[in-house]
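# coords below, sequence missing:
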């Protein structure tokens, strides 16, 4: 089973408006709301792929209740800890005239220490049944920056493979927990290491504790620096569309590949095809199945021996 | 008792950001949330004034639960009908660099006919105990445009004085219910009548059913066209600040004046002072008490005999 962890879950609201005019009042034409936070997105994709997945993390208050109801409606297996603080929201205002998205993300309430201790007990229990643990996204206020290191260590002690997808201090401090895979994008990789060359930067993260580094380079695909070798994997052509959630889809594919014990080139092929098929789907975070199957045979994987 | 009616209640979210940059992601620095919708704002002001008030209307779903919890925390007496659809939200993004507010208002879910029938029974019961009924704000999708006419008639039949503060079709169709006071602003007055001169426009609304018209002319104060005469009431100087909720404060003062049976010049003095004291308070919808008391003695009321 793949366990996805979302410590900073959110209710993602999408508002469609004609165009944003600052200082003005906009009647929103269409509202969509969905359980969000990167780990919940990964769980949704894994569930759509038919993979055995369980979503855990923290939710609370009336906004948390909406998140839980949405996960239940989508049929995503979930076992989250309910905390005393209200879950946060994000608002994406999409302009239908030019497709621009303007995002507002709430910081979230400060987590109570007692809620964190309750989560740790719950997590230990779930991690002991997991083969792969995915740690995704930002940390809620109140958690120490090395929280992902702590969770990665607990998962490793329980015998699980770990994937960390975060950025900033939660990523750099998380490396001490020796996650098997970290998945920064190009900007996060540069920010974490100060190095412009992605291969050098990935190598630097490995010396700091990452088993393998799989960096997403946007439309150029993925770079993987592992103990078994270095590869690049790219889609056959630039795919236009909505990139929201494409990174989470790539993480879902890497988790499924880790569960199956697939060779790296296969994992990367799956991850690139699934990311690109997510870009091709008009709804953020969903993937287009025919595109996914077509691209699986077309992704170019090249070794940098 | 003053009964305020809010058919399209909202959870009002205020997000503080440095500045809005369209197409970018903003980490919100500060989140405030409050029960909103014009009738709930009027009830909050009346409660702060020590007036006997009861807030009714429609709320539903998890967002409705947050609205009810906020009213309870503020101590505002409330007896709303819980409906099967979720209450809507509004998001005001305030730029701390220049004070600009950019608003996004959700349309809300379409009300079920059965929920409206339940509300009507509840409203009839409450209106029979009310001396003044305040009908404020927009209508949720699914309600006929003459809903305020229906509510005004029921209140009138129960012997209550009615105040209608809406705009567009809910205002123009509401006039058939012969509300005692309607309170458009200058733009709403022009839109409803096609007339530029506010005195002529107010007279036109009276011929269509309004007992009196009290028009808010922004910083210039109020214009009242009534069967007893025509008055203008203006603050002694332009008050700078946050005008959000100033109109609702004015309606609260008019409702208190109607309950007390005060002469028009006194009602207008109270309404202008309370509106201006709301502009002077940094928090939207709250009024500055010292400013209110000071202005009460300084508002200029002039008769257009």
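All right, it came through fine. Since the model is a prediction, treat every value here as computed from it, not as a measurement. Numbering: from 1, shown residues only, chains lettered A, B, ... in the order given.
# quick one, phi psi at the residue of the stretch 101-250 of chain A found nearest chain B?
Nearest residue of the stretch 101-250 of chain A to chain B: residue A:103, at 4.0 Å (Cβ to the nearest Cβ). For glycine as for every other residue, the C-beta is placed from the backbone atoms N, C-alpha and C. Main-chain dihedrals, residue A:103, degrees, to the nearest 10: phi -110, psi 140.
# so residue A:201: helix, strand or coil?
Classification of residue A:201 using DSSP: H, G, I helix; E, B strand; the rest coil returns helix.
# oh sorry, the question was meant for residue A:14
What three-state DSSP gives for residue A:14 is strand.
# ok, back up a step: ok, the residue lying closest to the residue of the stretch 101-250 of chain A closest to chain B once chain neighbours are set aside - how many residues close by?
Take residue A:103 and drop its neighbours on the chain: the residue closest to it by Cβ to Cβ, 6 or more residues apart in numbering or on different chains is residue B:25, 4.0 Å away. Residues lying near residue B:25 (other Cβ atoms under 10 Å in any protein chain shown) number 12.
# wait, doesn't residue B:25 sit right on residue A:105?
Yes: contact criterion Cβ atoms under 8 Å: residue B:25 and residue A:105 qualify, at 6.7 Å.
# could you pick out the residues of the stretch 101-250 of chain A near chain B for me?
Residues of the stretch 101-250 of chain A lying near chain B by Cβ under 8 Å from any Cβ of the partner chain: A:101-107.
# so which of those wins on neighbours?
The residue in those with the most neighbours, by other Cβ under 10 Å, is residue A:104 (24 neighbours).
# state the distance from residue A:74 to residue B:161.
As judged by Cβ to Cβ, to the nearest Å, residue A:74 and residue B:161 stand 50 Å apart.
# repeat for residue A:107
46 Å.
# which helix or strand contains residue A:4?
Per DSSP states H and E: residue A:4 is located in strand A:2-6.
# by contact count, what packs against that strand?
For strand A:2-6, the elements it packs on are helix A:38-48, strand A:53-60, helix A:113-127, strand A:132-136, helix A:246-260, judged by 3 or more Cβ pairs under 8 Å, 6 or more residues apart in numbering or on different chains; DSSP states H and E.
# using the three-state scheme, assign the spatially closest residue to residue A:113 that is not a sequence neighbour.
Leaving aside its sequence neighbours, residue A:113 sits nearest to residue A:142 (Cβ to Cβ, 6+ apart; 7.6 Å). Following three-state DSSP, residue A:142 is assigned to coil.
# number of residues surrounding residue A:142?
14.
# which of the residues in the strand holding residue A:4 are buried?
Neighbour-count burial for strand A:2-6, with 16 or more other Cβ atoms under 10 Å in any protein chain shown as criterion, is recorded at A:2-6.
# pLDDT value on residue A:286, please?
You'll see residue A:286 listed with a pLDDT of 88.
# please apply the same query to residue A:3.
For residue A:3, pLDDT reads 98.
# equivalent analysis for the one 10 residues further on, please.
The predicted local confidence for residue A:13 comes out at a pLDDT of 94.
# neighbours around it, how many?
Neighbourhood size, residue A:13 [other Cβ under 10 Å]: 22.
# distance of it relative to residue A:179?
As judged by Cβ to Cβ, residue A:13 and residue A:179 stand 31 Å apart.
# now do residue A:89
The gap separating residue A:89 from residue A:179 is 29 Å, by Cβ to Cβ.
# between the two, which has more neighbouring residues?
The residue with more neighbours, out of residue A:89 and residue A:179, is residue A:179; 31 against 25, by other Cβ under 10 Å.
# ok, now which ones touch the more buried one?
Residue A:179 makes contact with A:135, A:148, A:152, A:162-164, A:209-211, according to Cβ atoms under 8 Å, 6 or more residues apart in numbering or on different chains.
# nearest spatial neighbour of it, chain-adjacent residues omitted?
Closest to residue A:179 by Cβ to Cβ, 6+ apart is residue A:164, at 4.0 Å.
# element containing the one you found, please.
Per DSSP H and E: residue A:164 is located in strand A:161-165.
# contacts for the helix or strand that that strand is followed by next, please.
Counting by DSSP H and E, the next helix or strand C-terminal to strand A:161-165 is helix A:168-174. Helix A:168-174 has contacts (Cβ under 8 Å, 6+ apart) with A:135, A:138-139, A:145-149, A:152, A:164, A:166, A:182, A:184, A:188, A:191-192, A:208.
# buried residues in helix A:168-174?
Residues of helix A:168-174 classed as buried: A:170-174 (neighbour count, 16+ other Cβ under 10 Å).
# and what of stretch A:140-148?
Buried positions in stretch A:140-148, judged by neighbour count with 16+ other Cβ under 10 Å: A:140, A:143, A:146-148.
# repeat that for stretch A:3-22.
Of the residues in stretch A:3-22, A:3-15, A:17, A:20 count as buried by neighbour count, 16+ other Cβ under 10 Å.
# just the closest of these to residue A:230, please.
The closest of the buried residues of stretch A:3-22 to residue A:230 turns out to be residue A:4 (Cβ to Cβ; 27.1 Å).
# assign a three-state SS to residue A:104, would you?
Applying three-state DSSP: residue A:104 is strand.
# pretty sure it contacts residue B:14?
No: if you go by Cβ under 8 Å, residue A:104 and residue B:14 don't touch, sitting 11.2 Å apart.
# got any residues that touch both of these two?
If you check residue A:104 and residue B:14 against Cβ under 8 Å, 6+ apart, the residues they both contact are residue B:91.
# for residue A:104, which non-adjacent residue is closest in space?
Closest to residue A:104 by Cβ to Cβ, 6+ apart is residue A:91, at 4.5 Å.
# who's that neighbour bridged to?
When bridges are called by DSSP bridges, residue A:91 pairs up with residue A:13, residue A:104.
# residues near it, how many?
The number of residues packed near residue A:91 is 26, by other Cβ under 10 Å.
# that one reaches residue A:15, doesn't it?
Yes: Residue A:91 lies in contact with residue A:15 (Cβ under 8 Å); the separation is 6.4 Å.
# joint contacts of these two?
Common neighbours of residue A:91 and residue A:15 (criterion: Cβ under 8 Å, 6+ apart): B:91, B:104.
# just give the number of residues close to the nearest residue to residue A:46 once chain neighbours are set aside.
The shortest distance from residue A:46 to any non-neighbouring residue, by Cβ to Cβ, 6+ apart, is to residue A:53 (3.9 Å). By other Cβ under 10 Å, 27 other residues sit near residue A:53.
# ok, residue A:94 - contacts?
So residue A:94 contacts A:14-17, A:100-101 (Cβ under 8 Å, 6+ apart).
# if you could redo that for residue A:24, that was the one I meant.
Contacts for residue A:24 (Cβ under 8 Å, 6+ apart) come out as B:102-103.
# now do the one 3 residues further on
With Cβ under 8 Å, 6+ apart as the criterion, the residues that contact residue A:27 are A:17, B:105, B:107.
# could you rerun that using 10 Å?
By Cβ atoms under 10 Å, 6 or more residues apart in numbering or on different chains, the residues touching residue A:27 are A:15, A:17-18, B:103-107, B:138.
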